[in-house]
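Trainee: can't give you the sequence, but here's the structure:
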């Protein structure tokens, strides 16, 4: 597995696949064609819709738009928390990037969703989706209950028939699954997926690499967020709660950045380890596993994180790994051990289920093998992991990596900027160069 994954996740393989797709496009005389999948009741889709026209203005591309339904239960096992968090997170993103979205505290009424869906289906099939999606998404989320907010669009955006709508959704859902994804607010371009405005910089870089940008275009619609680069002298910084799993690739690629943020600000990092979802009886569909692995590889490359030579620690290796967490923390080596384990199984192909592999992981984090063997017999980590999971759920979060500082709780390795921002906002500091 490590040899195969090292190839599949390598930057070299990705760039070769992109180059091959570009050669094929040129040979066939095809345009740069993007497939966009829009979920009407998804706040991330609303954000995406508000920037589609800007994307088209920047690049010589053809957009094929499709209206899809929500992800399956297996792809979204805690749908209630996902839906509620999506609205809060979309508002956070909108504020950061100057977009127009405010969490109304509830989902749009079902009858309003249906009307917008029929209108967007009609617009998509008429080649007028971009303008319609921006206008109708804004109306939908500005007033989630009343239908009269759509009245101004009656003439401009007629509705598809119920049968046309059902057929469009079925075809679009099937296409999305066939191409390998499960969410709305997603773009597919020449073999590669991009979810949400957070991943547009990957797509824009790729389009710029093949010369698809229009004259005068430079930079990105949503530049990569910058990590803190210099120490900041904070007075009594709030602690960072870091919820992670030893089987989470996103936990693996963000852990070092979290610990660095703690060092630079003086904020203590609390290690809130949990069992992986699949070990808690939550299935993960194949398209989700594949996308997460490949997306983590892209993000790891961007951040300079080691990743790709994988020896999946699911099952016994995770349990053995977590059994050593209390020992590592008592020894003052918690962060060193977490980094050693995550790097070992996600970047070096170490089998943490074997004594040889676990010993290497432990000893380079300055844990003695004698102490490790004793710790492996202690089951107290299970209660700690369950308590951490319950605390995470109480914050309205369900997956890892997640973070909390004061009253800010976020999910995802691409939200570390929010935690950095919360640290600086919740503490006084003497350094004047706090954002460098």
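Mentor: Yep, it's here. Quick caveat: nothing in here was measured; it's all calculated off a predicted structure. Residues are numbered from 1 along each chain as shown.

Trainee: mind checking which helix or strand the most far-flung residue of the chain relative to its centre is in?
Mentor: Relative to the mean C-alpha coordinate of the chain, counting by CA atoms, centre = their mean, the farthest residue is residue 370 (39.1 Å). Using DSSP states H and E, the element containing residue 370 is helix 369-375.

Trainee: which other helices and strands contact that helix?
Mentor: Using 3 or more CB pairs under 8 Å, 6 or more residues apart in numbering; DSSP states H and E as the contact criterion, the neighbours of helix 369-375 among helices and strands are helix 325-330, helix 355-363. C-beta coordinates here come from the backbone N, C-alpha and C atoms, glycine included.

Trainee: and of these, who's closest to residue 59?
Mentor: helix 355-363 (44.8 Å; CB to CB).

Trainee: Tell me the buried residues in that closest one?
Mentor: Within helix 355-363, the residues that qualify as buried are 357, 358, 360, 361, 362, counting by 16 or more other CB atoms under 10 Å.

Trainee: May I ask which two of these are separated the most?
Mentor: Maximum pairwise distance among the buried residues of helix 355-363 (CB to CB): 9.6 Å, between 357 and 362.

Trainee: where does the chain dip in pLDDT?
Mentor: Low-confidence regions of the chain, defined by pLDDT under 70, span residues 143-155, 279-283, 428-436.

Trainee: picking up where we left off before, how about the helices and strands packed on helix 369-375 in JSON lines, adding distance to residue 198?
Mentor: JSON lines is the format used below for the helices and strands packed on helix 369-375 (distance: least, CB to CB, whole Å):
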{"stretch": "helix 325-330", "distance to residue 198": "30"}
{"stretch": "helix 355-363", "distance to residue 198": "31"}
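
Trainee: Of the ones you listed, which is nearest residue 417?
Mentor: Among those, helix 325-330 sits nearest to residue 417 (CB to CB), with 27.0 Å.

Trainee: after that closest one comes which helix or strand?
Mentor: Scanning the chain past helix 325-330 towards its C-terminal end, the next helix or strand to appear is helix 334-347 (assignment: DSSP H and E).

Trainee: what does that following helix contact?
Mentor: 244, 246, 249, 251-253, 255-256, 259, 269, 271, 306-313, 317, 321, 324-325, 328, 350, 352, 357, 360-362, 364-367 (CB atoms under 8 Å, 6 or more residues apart in numbering).

Trainee: who wins for proximity to residue 119 among the helices and strands packed on helix 369-375?
Mentor: Distances from residue 119 to each of the helices and strands packed on helix 369-375 were compared using CB to CB; the shortest belongs to helix 325-330, at 52.1 Å.
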